[in-house]
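> Sequence first, then the predicted structure:
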Amino acid sequence: MSEVLEFDEQVDITDKVCPLTFVTAKVAIEELDDGQVLAIRMNDGEPVQNVPRSFKEDGHKILKLNDNEDGTYTLFVRKVEE
Amino acid sequence: MAEKIDYKALKAGGFMSQKQKGYGSLRLAVVGGNLDANAIKTVAEVAEKYGHGYIHMTSRQGIEIPFIHVNDLEKVKEELKAGGVYTGVCGPRVRTITACQGSEICPSGCIDTYTLAQELNDRYFGRELPHKFKFGVTGCQNNCLKAEENDVGIKGGMTVEYKEEDCISCGVCVKACREQALTMKDGKVEIDTTKCNNCARCVKSCPTDAWVGTPGYIVSFGGTFGNKIYKAEQLLPIIRDKETLFRVTDAAIDYFEANAKPSERFRATLTRLGDDGLRTAVEAAYQDSTK
Ligand code: HEM
Ligand code: SF4
Ligand code: SF4
Ligand code: SF4
């Protein structure tokens, strides 16, 4: 399944190690305007287990998690301004 | 002072004799790892005035003030008490109830650990038993407080329920679950409850709250982490309410009191007699809730 959603900006955190994985994604979404969508490419394992939830805890809206079938996933998140 | 010093009584009051003659390390009562700022100030003043100006933090969230002279002990206790600080206990009785920060503070938490630690403290702290007896409360499966190293360990969890109509098929929960309990089929999530460990990661990660979690207590019995190491064992399903939880902890502690030989630790009793007696006792206490 590699259904592609529309997005405004993308960031790749597959080359980052914790805690920079989420920090990088967090900085990227901060650059966006309210309602815009960020696509984040991340590795399987800890990142895909934890990064979506951290976005939820920060109040953003998760739209979809796509399995890229190459050991990476792409998460689509809509920015929600606090 | 030529009076004979009763070190056993002192130990019961949290005074641990030191190598240095006449001195002891005074253990303070701390519940769930929290101490308010005024109490900390009082402790600091006492440590400076009577001790060597420092405290020792124990492995179970306790505080000790080393280098208290036995002749100062009563004065020290009074000054501490005036500042709202009480001494802890050592020896064969219920020890400090430890806790992680739990659901009031930690995003991963499933239960309010601090409140529970206070309730357990009111119920059991200092109770005399054949051997020391430790309770630990941890908020979720991450187990920051290491529940299973205690005689009774309590861990927060959730039983989870899927609300299909709220699911947007995003796929996040399937990956968030570390037990491979969830699979996506035709846009719907299916759960294999035999694999679910009640960690609530699905609940915490779902963007639409399509997973509804009901908090509960996962209790394990007979852990030790000293000379001997033994992981406490879970004998019951997750417990949903506090009344049942307390009935179960009462049953466990009563069983220990009734069946242990003098100076025998809970785990040693269970090894000697087997788990069955305890299992029957806690199951009866657990079943009571269904009445
Ligand atoms: C595969 C490796 C790991 C991943 C993907 C991971 C993931 C995460 C996530 C998602 C957060 C939450 C960030 C937030 O909500 O603000 C976080 C926080 C953090 N993690 Fe990790 N974790 C991992 C292992 C580690 C390790 C090994 C360390 C340290 C040696 C570490 C240190 C931290 C720190 C310092 C934070 C920041 C906590 C804060 O915001 O106060 N993590 N990690
Ligand atoms: S055990 Fe769970 S609730 Fe407690 S501090 Fe750790 S992650 Fe938080
Ligand atoms: S509670 Fe934990 S183990 Fe159970 S389905 Fe949810 S994420 Fe998986
Ligand atoms: S995280 Fe929630 S919305 Fe997404 S697939 Fe799971 S249940 Fe559905």
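Now that the structure is in, tell me what you want to look at. Ligands and ions are numbered 1, 2, ... in the order given.
> CA only for contacts and neighbour counts going forward, please
Will do.
> Give me the local confidence score for residue B:283.
At residue B:283, the pLDDT value in this model is 97.
> Identify the residue spatially nearest to it, adjacent ones excluded.
In space, and not counting its chain neighbours, residue B:283 is closest to residue B:236: 7.0 Å by C-alpha to C-alpha, 6 or more residues apart in numbering or on different chains.
> if I look at the one you found, how far off is residue B:227?
27 Å (C-alpha to C-alpha, to the nearest Å).
> is stretch B:179-193 up against chain A anywhere?
No - Stretch B:179-193 does not reach chain A (C-alpha under 8 Å from any C-alpha of the partner chain); its nearest approach is 11.4 Å.
> Revised request: answer the last question for stretch B:142-154.
No - using C-alpha under 8 Å from any C-alpha, stretch B:142-154 never reaches chain A; the gap is at least 13.1 Å.
> I'd like to know how many residues surround residue A:23.
Counted with other C-alpha atoms under 10 Å in any protein chain shown, the neighbours of residue A:23 add up to 14.
> and it, backbone torsions?
phi -60, psi -40 (degrees, to the nearest 10).
> wait, what's in contact with it?
By C-alpha atoms under 8 Å, 6 or more residues apart in numbering or on different chains, the contact set of residue A:23 is empty.
> ok, it to residue B:36 distance?
In terms of C-alpha to C-alpha, residue A:23 sits 32 Å off from residue B:36.
> and what of residue B:141?
27 Å.
> More neighbours: the two, which one.
residue B:141 (22 against 9).
> Do I have it right that that one meets residue B:154?
No - Residue B:141 is beyond contact range of residue B:154, at 10.4 Å (criterion: C-alpha atoms under 8 Å).
> Quick check: can you list the domain ranges of chain B?
The record's domain parsing of chain B by automatic domain parsing lists B:7-82, B:98-159+B:212-290.
> Determine how far the last residue of the first one lies from the first.
The first and final residues of domain B:7-82 sit 25 Å from each other (C-alpha to C-alpha).
> Same check on stretch B:160-180?
Span of stretch B:160-180 from end to end, C-alpha to C-alpha: 15 Å.
> cool, and stretch B:140-158?
Per C-alpha to C-alpha, stretch B:140-158 runs 9 Å from first to last residue.
> Repeat that for stretch B:254-266.
End-to-end for stretch B:254-266, by C-alpha to C-alpha: 11 Å.
> Pull out the buried positions in that stretch.
B:255, B:256, B:257, B:259, B:260, B:264, B:265, B:266 (16 or more other C-alpha atoms under 10 Å in any protein chain shown).
> got the contact list for that stretch?
Contacts for stretch B:254-266 (C-alpha under 8 Å, 6+ apart): B:92, B:129, B:130, B:131, B:132, B:133, B:151, B:222, B:269, B:278, B:281.
> would you list those in TSV and tack on secondary structure and neighbour count?
Formatted as TSV, the contacts of stretch B:254-266 follow (DSSP: H, G, I helix; E, B strand; the rest coil; neighbours: other C-alpha atoms under 10 Å in any protein chain shown):
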residue	secondary structure	neighbour count
B:92	coil	19
B:129	coil	22
B:130	coil	19
B:131	coil	19
B:132	coil	20
B:133	strand	28
B:151	coil	27
B:222	coil	27
B:269	helix	18
B:278	helix	22
B:281	helix	16
